[in-house]
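Trainee: fold the following.
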Amino acid sequence: MQMMKNTVHYALLMCLCLILSSFRDFLPLDRVATPHGTDQINFIENSWDLAVKKAKKEHKYIFVDVYAVWCGPCKLLKSTTFKDKKIADFFNQNFVNISIDAEKGEGIKLAERWEVEVYPTLLILDSDGVIVAQGQGYVESKALLDFGQNVLKHQKKL
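Mentor: Here you go, the predicted model:
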């Protein structure tokens, strides 16, 4: 009888795990970490200090995706352009990438400092936090690649 109870409990636990894992797609964007080692841009999630430290250590510019969880173009950018292998390879190699929710935590003050009025806003900053380039709205892969390449071509080495 005890063995049967354990089997039932195990089965219920497995069902619960399957059900909960299906809700992953409905979590807010800042709760779903970008897996490393995949064909997408690897973002630090909502940690500006970590991004700055990493950029200074690696002598790289910071690529910032400023978004809001309700923003359709932001979701589209994350599900298409940021998952393009060519884009991912370029940005992961040349930038420290961070994704900031502009309506939560430190993102609120950062969005104010950067005068963000449109989502998504894409910024490239130097390791001191100075904006060197910015763009707004959804962009396709080629335009984002051009954006990043132009910054590296025209900016001084860090």
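
Trainee: quick one: the strands in the protein?
Mentor: Ranges of strands in the chain, per DSSP state E, are 44-45, 61-67, 95-101, 121-125, 131-136.

Trainee: give me the helices and strands touching the first one, please.
Mentor: When you say that, I think you mean strand 44-45. Other helices and strands packing on strand 44-45, by 3 or more C-beta pairs under 8 Å, 6 or more residues apart in numbering; DSSP states H and E, are helix 48-58, strand 95-101. Every residue, glycine included, has its C-beta placed from N, CA and C.

Trainee: still on that earlier bit, who wins for proximity to residue 76 among the strands of the chain?
Mentor: When the strands of the chain are compared by C-beta to C-beta, strand 61-67 sits nearest residue 76, at 10.8 Å.

Trainee: okay, now the unreliable bits of the chain?
Mentor: Applying pLDDT under 70 to the chain picks out residues 1-38, 156-158.

Trainee: go again with 90.
Mentor: Flagging of the chain using pLDDT under 90 yields the residue ranges 1-39, 154-158.

Trainee: please point out which parts of stretch 54-67 sit buried.
Mentor: Residues 54-55, 60-67 are the ones in stretch 54-67 that count as buried (16 or more other C-beta atoms under 10 Å).

Trainee: swap in stretch 117-131?
Mentor: Within stretch 117-131, the residues that count as buried by 16+ other C-beta under 10 Å are 119-127.
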